[in-house]
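Got a sequence here, can you build the structure:
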Amino acid sequence: MPNFDYEAPTSLKTALGFLSGNGEIRPLAGGTDVIDQLKSNRRNAGLVVDLKRVPELLDLELDEGRLRIGAAVSCTEVHNLTSENDCFPALSEASELIGSIHIQNRASIGGNVCNAAPSADTIPPLLVHEAVAHTASATGEREIPLIDFFAGPGQTVLQKGEILKELVLPASSTKCRLCLPPFYPSKRDGYRCGRGWITNRSRTVIQHSKKGSYRSSICSSDTRQGIRSGAILRGFYRR
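Okay, the predicted model is just below:
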């Protein structure tokens, strides 16, 4: 692994100060992706800023059905909270799928989102649950619907010095009616290409709710809405 400087700030203001500096600066929320990328020379870093000690990024709150997930909150913490409260089932399931238990204890939902891999397990359910990304930088904060957060494979709309602060999931999106299993091209391939989730705010999918929505990352260059699948749910499908 190449040499780099390391900082572990304990406040958001200090962290944003480091991230706004010059050179190749990498934020680290869990490290399960970025460390491997540094080892394999797929990413460069003159400075790594560890965000695991920043209190504002460790908040995890369920309030009247609304879920707030700090960017550095682990997958295990999210799974435990959502499963215990029987809410946001698609995200609850997805957060239990990332690697082994050891990886889930370290990996963060925010890191999985910012890595922006097309096969990311948590991105489709976050889209189904209508998540909004709250970002922060030394110059201010933004709110970005997650559907607009991605610019391509491994790319987001985050600007230099800007980080994901938290994800907010509205109470109205808590239920998910159907979870589609992961797709494996063949037994020989041995890797998961992606998953899909369907949500519906009415009583049953059969009612063809106008609010029906489908999100998928399966073999896609980016995470996007399945137009034809959404049309089927809305009852407007045309060949």
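
A151 reaches I144, doesn't it?
No: the criterion here is C-beta atoms under 8 Å, and A151 misses it with I144 at 11.3 Å. Every residue, glycine included, has its C-beta placed from N, CA and C.

higher neighbour count, those two?
A direct count of neighbours by other C-beta atoms under 10 Å for A151 and I144 places I144 higher, at 16 against 12.

Against which helices or strands is whichever strand or helix holds P124 packed?
Assigned by DSSP states H and E, P124 belongs to helix 123-128. Identification of packing neighbours for helix 123-128 by 3 or more C-beta pairs under 8 Å, 6 or more residues apart in numbering; DSSP states H and E yields helix 89-94, helix 109-115, strand 196-199, strand 213-216.

Low-confidence ranges, the chain, go.
Low-confidence segments of the chain, defined by pLDDT under 70: 172-239.

about what we covered before: centre of the chain versus the helix holding P124, how much separation?
Between the centre of helix 123-128 and the centre of its host chain there is 8 Å, according to C-alpha atoms, centre = their mean, to the nearest Å.

Then stretch 58-76?
12 Å.

Identify the residue spatially nearest to R26, adjacent ones excluded.
A45 (4.2 Å; C-beta to C-beta, 6 or more residues apart in numbering).

Spit out the contact partners of that neighbour.
Contacts for A45 were tallied using C-beta atoms under 8 Å, 6 or more residues apart in numbering; they are P2, F4, E24, I25, R26, V34, L38.

Just give me the closest of those to S11.
For those, the residue nearest S11 by C-beta to C-beta is I25; the value is 17.1 Å.

check contacts around the closest one.
I25 makes contacts with F18, L19, A45, G46, L47, V48, V49, G161, as judged by C-beta under 8 Å, 6+ apart.

May I have the phi/psi pair for it?
With angles defined as degrees, to the nearest 10, I25 sits at phi -120, psi 130.

re the thing from before, and of the contacts of I25, the nearest to I101?
For the contacts of I25, the closest approach to I101 (C-beta to C-beta) belongs to V48, at 24.8 Å.

So what pairs up with that closest one in the strands?
Beta-bridge partners recorded for V48 (DSSP bridges): Y6, R26.

so how far is E7 from it?
7 Å (C-beta to C-beta, to the nearest Å).

And the helix ranked longest in the chain, what's buried?
In the chain, assigned by DSSP state H, the helix with the most residues is helix 75-84. By 16 or more other C-beta atoms under 10 Å, the buried positions in helix 75-84 come out as C75, T76, E77, V78, H79, L81, T82.

Out of these, which is nearest to S119?
The closest of the buried residues of helix 75-84 to S119 turns out to be C75 (C-beta to C-beta; 15.3 Å).

hey, where'd the helices end up in this structure?
Here the chain has its helices, by DSSP H, at 12-19, 34-39, 75-84, 89-94, 101-106, 109-115, 123-128, 227-234.
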